[in-house]
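1. Quick one, structure for this:
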Amino acid sequence: MNRKHLFTVLIGLAGVLGHSQSSTLTVLVTDFKNNEGKVMVGIYSEKENFMKKALIRKSSSIQDGKAEVVFENLPNDEYAISLYHDENENDLLDTGWFGIPKEGYGCSNNAKGKMGPPKYEDAKFILDKSKKLTIKLNN
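-> Sure thing, here's the model as predicted:
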């Protein structure tokens with residue numbers, strides 16, 4: 001094997017190994033209007049599934065108007081988060097007329113929609129090391 005070929009193989013192997021690394025993502029949610037119910041957090045890795053089918057879902061209790069959810073061993077990649085305050089613990093985001101949420105909700109990057117839900121492009125972020133995101137609830 002010549003030096004040029006060996007160098008190409010090593011660079012390719014480094015890319016594969018680097019991509020397979022994982023990190024811990026801590027999500028801190030603030031501005032709950034009360035401590036009732038729980039927060040439901042969904043992580044999405046594809047634009048097509050955003051706010052439809054979560055890659056991972058977790059919930060947490062609320063204390064002092066805040067909640068924290070930790071995702072461990074999450075592969076380093078691009079993600080977006082949506083979450084809601086499930087006040088009545090029915091595992092649904094309750095909505096009213098025209099689909100307007102009755103319960104608090106939020107997205108990564110504190111993305112907000114205009115005449116509809118937030119867009120994946122506005123909520124996406126890169127996880128390349130362990131990090132903590134703070135998301136402010138919209139009530």
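
2. what about this protein, any weak spots by pLDDT?
-> 1-20 (pLDDT under 70).

3. the strands in it, which residues?
-> 22-30, 38-44, 56-61, 67-75, 77-86, 105-107, 125-127, 131-136 (DSSP state E).

4. doesn't residue 123 make contact with residue 78?
-> No: taking C-beta atoms under 8 Å as the definition, residue 78 is not a contact partner of residue 123, at 10.6 Å. Every residue, glycine included, has its C-beta placed from N, CA and C.

5. Tell me which of these two has more neighbours.
-> residue 123 (24 against 14; other C-beta atoms under 10 Å).

6. list the contacts for that one?
-> For residue 123, the contacting residues are 50, 80-82, 107-109, 111, by C-beta atoms under 8 Å, 6 or more residues apart in numbering.

7. Mind picking the two most distant members of those?
-> 50 and 109 (12.7 Å; C-beta to C-beta).

8. Those two: which is more packed in?
-> Between residue 50 and residue 109, residue 50 has the larger neighbour count (other C-beta under 10 Å), namely 22 against 16.

9. Surely that one and residue 120 touch.
-> Yes: Residue 50 is within contact range of residue 120, at 4.1 Å (criterion: C-beta under 8 Å).

10. which non-adjacent residue is nearest residue 64?
-> Closest residue to residue 64 apart from its sequence neighbours, by C-beta to C-beta, 6 or more residues apart in numbering: residue 35 at 7.3 Å.
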